[in-house]
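[1] below is the structure, and that's it, no one-letter string:
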């Protein structure tokens, strides 16, 4: 996929997300006869428009731009291990490091998030939120998992060890998704399967989403559509965390245990941290709260959080300034979701 680089340099960002220029994966695909090592290149993310509750004009925000693609960079080589989970848009697999040319970067246990064929834009959007988190000190690896980049390659560009075309992407076999729409020259979003829409895609939402600086509309991802004849393989590389939150749910007049109160309060602090930089995760349910595997101290709470927030594929972001106080207050209401009916999956 060719993406014009309309972004900004990656200064003042977490080194993790800007380190690798390419990713090679063993165990992802094969031809009819031979295994393949599939190499993907770092790709640009897909900025979100600004979420608003009351419109206030704000100065152009250069930090809203996607990070620049590296002219040169390290290479990361992984082998897929176990399947972790399957969600609406993608699949998560554990990954073992085979080679890492960024010798100075200490890697945690890793996993990949591979999206189903029609959700490339969705993962590109999630990658943008990880870039936004990387611009803020004390978020990646503290509130959310560390992210090591967003990578893509067209299936037609993948060859096996003997130079034959790759015809199988193993994780895509037996997955749960509807059929891809037939290839078309049309870029009208009305022609796209609505299941692949992002929250700001449907027409008529201009009252709630503003793209004044054209970060979204200027992205190659804005008009991207999935192809049944040449699927795009899209992957995020992330820190592997523990199991998702699981606890006896509270109904009716039941009381929370002391332990559960402490756990939910810790999660609320995570959400408050996200809201402080204008981010609404927008899907706060128990599967999206996972156990931390490190004890990094949060600079805001002066302690290590025991949980991390994941899955930013339908997240939203407001501009943070004194003039947008109403927008910030609105995003802050998301704290109330923790421990509520939606959180427990009752709705």
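    Yep, it's here. In this text, all values refer to a predicted model and were calculated from it rather than measured experimentally. Numbering: from 1, shown residues only.
[2] buried set for stretch 130-148?
    Buried residues in stretch 130-148, defined by neighbour count with 16 or more other Cβ atoms under 10 Å: 130-136, 139-148. For the C-beta atoms, the positions are set from N, CA and C on the backbone; glycine is no exception.
[3] next SSE downstream of whatever helix or strand residue 97 lives in?
    Assessed by DSSP states H and E, residue 97 sits inside strand 90-100. Sequence-wise, the next helix or strand downstream of strand 90-100 (DSSP H and E) is strand 110-115.
[4] the nearest residue to residue 332 once chain neighbours are set aside in helix, strand or coil?
    Among residues not flanking residue 332 along the chain, residue 275 sits closest, at 4.6 Å (Cβ to Cβ, 6 or more residues apart in numbering). Look at residue 275: counting by DSSP: H, G, I helix; E, B strand; the rest coil, its state is helix.
[5] quick one: pLDDT of residue 275?
    Listed pLDDT for residue 275 reads 98.
[6] ok, it - contacts?
    328, 331-332, 334-335 (Cβ atoms under 8 Å, 6 or more residues apart in numbering).
[7] go again using 7 Å as the cut-off
    331-332, 334-335 (Cβ atoms under 7 Å, 6 or more residues apart in numbering).
[8] top of those by neighbour count?
    Among the contacts of residue 275, residue 331 has the most neighbours (other Cβ atoms under 10 Å), with 25 neighbours.
[9] mind checking the pLDDT average for the one helix or strand that residue maps to?
    In the assignment (DSSP H and E), residue 331 maps to helix 325-332. Mean pLDDT, helix 325-332: 97.
[10] and for residue 213, the neighbour number?
    18.
[11] how about it: what's its closest non-neighbour residue?
    residue 60 (5.2 Å).
[12] okay, now that neighbour: neighbour count?
    Counted by other Cβ under 10 Å, the residues lying close to residue 60 total 9.
[13] again, but for the one 5 residues further on
    Around residue 65 sit 21 other residues, with neighbours defined as other Cβ under 10 Å.
[14] and residue 323, by the same measure?
    12.
[15] contact partners for it?
    56, 58.
[16] how about it, phi and psi?
    Reported as degrees, to the nearest 10, the phi and psi values for residue 323 are phi -70, psi -20.
[17] please enumerate the strands of the stretch 1-150 of the chain.
    20-30, 35-42, 50-51, 74-86, 90-100, 110-115, 147-154 (DSSP state E, counting those that start in this stretch).
[18] the longest one pairs with which strands?
    If you go by DSSP bridges, strand 74-86 pairs up with strand 20-30 (parallel), strand 90-100 (antiparallel).
[19] and it, what's buried?
    By 16+ other Cβ under 10 Å, the buried positions in strand 74-86 come out as 74, 76-80, 84, 86.
[20] dump those residues to JSON lines, plus pLDDT and distance to residue 48.
    Converted to JSON lines, those look like this (pLDDT from 0 to 100; distance: Cβ to Cβ, whole Å):
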{"residue": "74", "pLDDT": "96", "distance to residue 48": "28"}
{"residue": "76", "pLDDT": "98", "distance to residue 48": "27"}
{"residue": "77", "pLDDT": "99", "distance to residue 48": "31"}
{"residue": "78", "pLDDT": "99", "distance to residue 48": "28"}
{"residue": "79", "pLDDT": "98", "distance to residue 48": "33"}
{"residue": "80", "pLDDT": "98", "distance to residue 48": "30"}
{"residue": "84", "pLDDT": "97", "distance to residue 48": "26"}
{"residue": "86", "pLDDT": "94", "distance to residue 48": "25"}
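[21] count of neighbours near residue 264?
    Residue 264: 19 neighbours (other Cβ under 10 Å).
[22] likewise for the one 10 residues further on?
    Residue crowding around residue 274 was assessed by other Cβ under 10 Å; the count is 26.
[23] residues in contact with it?
    Residue 274 sits next to 143, 281, 309 when contact means Cβ under 7 Å, 6+ apart.
[24] the first one and residue 272 touch, don't they?
    No: checked against Cβ atoms under 7 Å, the pair residue 143 and residue 272 is beyond contact range at 9.7 Å.
[25] confidence score at the residue nearest to residue 213?
    On the pLDDT scale, residue 60 gets 95.
[26] likewise residue 24?
    At residue 24, pLDDT is 99.
[27] so what's residue 234 up against?
    115, 120, 123, 152.
[28] can you check residue 151 too?
    23, 40-43, 235.
[29] neighbours of residue 154, how many?
    Residues near residue 154, counting by other Cβ under 10 Å: 14.
[30] what pLDDT does it get?
    Each residue has a pLDDT score; the one for residue 154 is 98.
[31] wait, it sits on residue 227?
    No: look at residue 154 against residue 227 with Cβ under 7 Å: they stay out of range, at 8.5 Å.
[32] give me the common contacts of the two.
    Counting by Cβ under 7 Å, 6+ apart, nothing touches both residue 154 and residue 227.
[33] name the helix or strand of this protein that has the lowest mean pLDDT.
    Sorting the helices and strands of the chain by mean pLDDT, DSSP states H and E puts helix 15-18 at the bottom, at a mean of 91.
[34] what's next to that one, contact-wise?
    So helix 15-18 is contacted by 10, 67, 70, 105, 130-131, 134, 140, 146-149 (Cβ under 7 Å, 6+ apart).
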